[in-house]
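S.K.: Quick one, structure for this:
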Amino acid sequence: MPGPNPLLNHDFFHPDKQTQHSAYILGFITSDGCLLKNALAFNISSKDIEILEYIKFCLSSSKDFPKIKIIPPKYTPDKFVKKAGEMSYLSFCSTKMLSDLHKFELQSRKTGHETYPYLLDPNLKYHYLRGLIDGDGSVGVYKRIRVKKEIYEPHVSIFCSNEKFLQALKNYIFLLKDFYVYKTQSCYKLHSEKLSTILNLRAALYDDAEFSLKRKRDRFFSIPEDKAYKIFGEYKTAKEWSLESRCKVEYKTFLYRIKNNWDYQQALSHPSDKGSGARGEESNFSKLTDKQAKTIKERKLNGESTIKLAKEYNVSTGSIDYCVKYRNVNNKTRLDH
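M.R.: Numbering: from 1, shown residues only. Have a look, this model is predicted:
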């Protein structure tokens with residue numbers, strides 16, 4: 001009886017030899033792989049054949065073995081309707097690989113029985129997650145119409161027929177804490193549309209990744225960042241940063257500083273005058289000097305029109321209202337109202 005094929009890396013999935021490559025492929029097997037009686041197999045769309053080439057490179061020492069088989073598209077009998085696109089098939093016969101994969105909670109009939117691999121090195125969990133998303137994930141930007149305006153909202157989803165598996169991902173992987181599990185028509189999905197969460201996840205997935213599916217990676221990096229700011233190595237929206245203990249100014253002051261090209265970290269952490277908010281000249285809601293603001297306040301209290309004052313001083317009506325409501329007696333601006 002022939003022994004193990006010497007061309008294969010039979011110890012690739014050994015629990016004591018974990019790497020980002022084994023973690024990634026483990027995640028991809030969980031979503032799109034198949035454990036047969038004596039083999040590990042993959043059957044995926046040919047548009048993602050780069051994944052099979054990568055797996056073959058990792059698991060085999062020969063570029064010629066095993067061969068990736070191309071399965072032609074399937075059509076209805078009349079050949080007018082395509083039932084399935086071109087597929088690519090790859091398999092590895094190795095009882096040692098299968099034995100090690102079982103230790104990571106993978107089984108032959110895994111659909112509906114997916115389990116989080118508790119033996120996975122915690123330092124490799126985002127490589128595992130990247131493989132999972134490349135297999136059964138959806139990334140992109142929704143285009144929605146709200147109040148006659150086009151709104152673009154990012155989204156990331158992970159699909160699975162086992163709700164408990166998605167809950168385990170949420171519990172064990174910190175950056176998935178703001179994701180929610182939803183029931184779809186045919187399965188469950190772990191889903192988020194929160195921009196800062198998605199950008200932080202993107203950084204964790206790709207910052208030191210040596211391989212990823214280009215199609216999914218490009219979608220992640222097509223997500224606009226214009227409403228989120230990276231400070232202290234984290235992405236958050238301006239509103240989220242304003243609620244942080246590390247923020248030493250009010251929300252409006254932070255926005256003003258960003259619009260005036262401040263360094264993000266300085267804009268967030270540099271206290272305003274006497275810690276009471278922004279100075280009058282710094283406030284985004286007034287281009288007015290303290291003397292002008294005092295005059296406006298007096299004239300407004302005497303009954304003059306907001307629109308008239310706004311035109312006279314070439315500012316918005318909001319700036320006039322701001323002077324009246326938020327400028328205090330000693331002409332300092334307070335934004336803590």
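S.K.: SS state for Val156?
M.R.: Val156 falls in the strand class when you classify it by DSSP: H, G, I helix; E, B strand; the rest coil.
S.K.: Let me know the pLDDT of it.
M.R.: The pLDDT attached to Val156 in the predicted structure is 97.
S.K.: which residues touch it?
M.R.: Residues touching Val156, when contacts are defined by C-beta atoms under 8 Å, 6 or more residues apart in numbering, comprise Ile133, Gly137, Ser138, Val139, Phe179, His191, Ser192, Ile198, Leu201. In short, each C-beta sits where N, CA and C put it, glycine included.
S.K.: where does Ser45 fall, phi/psi-wise?
M.R.: The phi and psi values for Ser45, taken as degrees, to the nearest 10, are phi -60, psi 140.
S.K.: Give me the neighbour count for it.
M.R.: Around Ser45 sit 13 other residues, with neighbours defined as other C-beta atoms under 10 Å.
S.K.: Surely Thr45 touches Ile71?
M.R.: To be clear, residue 45 is Ser; Thr isn't right here. No - with contacts counted by C-beta atoms under 8 Å, Ser45 stays clear of Ile71, the gap being 10.2 Å.
S.K.: between those two, what contacts are shared?
M.R.: Common contacts of Ser45 and Ile71, defined by C-beta under 8 Å, 6+ apart, comprise Glu86, Met87, Ser88.
S.K.: Quick check: next helix or strand after the one helix or strand Ile44 maps to?
M.R.: In the assignment (DSSP states H and E), Ile44 maps to strand 39-45. Using DSSP H and E, the next helix or strand after strand 39-45 towards the C-terminus is helix 49-59.
S.K.: Also compute the angle for that following helix relative to strand 39-45, please.
M.R.: 160 degrees (axes from the mean of the first three to the mean of the last three C-alpha atoms, to 10 degrees).
S.K.: quick one: the residue minimising distance to the centre of the chain and Tyr229, what's the gap?
M.R.: The geometric centre of the chain, computed from its C-alpha atoms, lies nearest to Ile198 (C-alpha atoms, centre = their mean), at 2.3 Å. When C-beta to C-beta, to the nearest Å is applied, the distance between Ile198 and Tyr229 equals 14 Å.
S.K.: Residue ranges in the stretch 1-150 of the chain under the pLDDT threshold?
M.R.: Counting by pLDDT under 70, the stretch 1-150 of the chain has low-confidence residues at 1-3, 76-84, 146-150.
S.K.: Strands of that one, residue ranges please.
M.R.: Secondary structure of the stretch 1-150 of the chain (DSSP state E, counting those that start in this stretch): strands located at 33-35, 39-45, 69-71, 74-75, 82-84, 87-93, 137-146, 149-160.
S.K.: Indicate which one of those strands is closest to Leu169.
M.R.: strand 149-160 (7.0 Å; C-beta to C-beta).
S.K.: Phe159 bridge partners, please.
M.R.: On DSSP bridges, the residues paired with Phe159 through beta bridges are Lys189.
S.K.: Now Cys34. Nearest residue, chain neighbours left out?
M.R.: For Cys34, the nearest residue in space outside its immediate sequence neighbours is Ala41; the separation is 4.6 Å by C-beta to C-beta, 6 or more residues apart in numbering.
S.K.: need the contact list for Ser31.
M.R.: Contacts here follow C-beta under 8 Å, 6+ apart; on that basis Ser31 touches Gly131, Leu132, Asp134, Gly135, Asp136, Gly137, Cys160.
S.K.: how far away is it from Glu86?
M.R.: Plainly put, Ser31 is 20 Å away from Glu86 if you go by C-beta to C-beta.
S.K.: Next: Ser157.
M.R.: From Ser157 across to Glu86, the span is 25 Å (C-beta to C-beta).
S.K.: So these two - more neighbours on which side?
M.R.: Applying other C-beta under 10 Å to Ser157 and Glu86 shows that Ser157 carries more neighbours, namely 18 against 14.
S.K.: so that one touches Cys187, yeah?
M.R.: No - using C-beta under 8 Å as the test, Ser157 is too far from Cys187 to be in contact (10.6 Å).
S.K.: what residue of this structure is the furthest out?
M.R.: When each C-alpha in the chain is compared with the mean C-alpha position (C-alpha atoms, centre = their mean), Asn302 comes out farthest, at 53.5 Å.
S.K.: Next one, pLDDT for that residue please.
M.R.: For Asn302, the model assigns a pLDDT of 86.
S.K.: got the domain boundaries for this structure?
M.R.: Described in terms of automatic domain parsing, the domain architecture of the chain consists of the residue ranges 229-271, 272-337.
S.K.: quick one: which of the ones you listed has the weakest pLDDT on average?
M.R.: Note on the domains of the chain: domain 272-337 shows the lowest mean pLDDT, a mean of 65.
S.K.: before we move on, the earlier item: other residues contacting the strand holding Ile44?
M.R.: Applying C-beta under 8 Å, 6+ apart, the external contacts of strand 39-45 come out as 29, 32-35, 51-52, 55, 71, 85-94, 97-98, 101.
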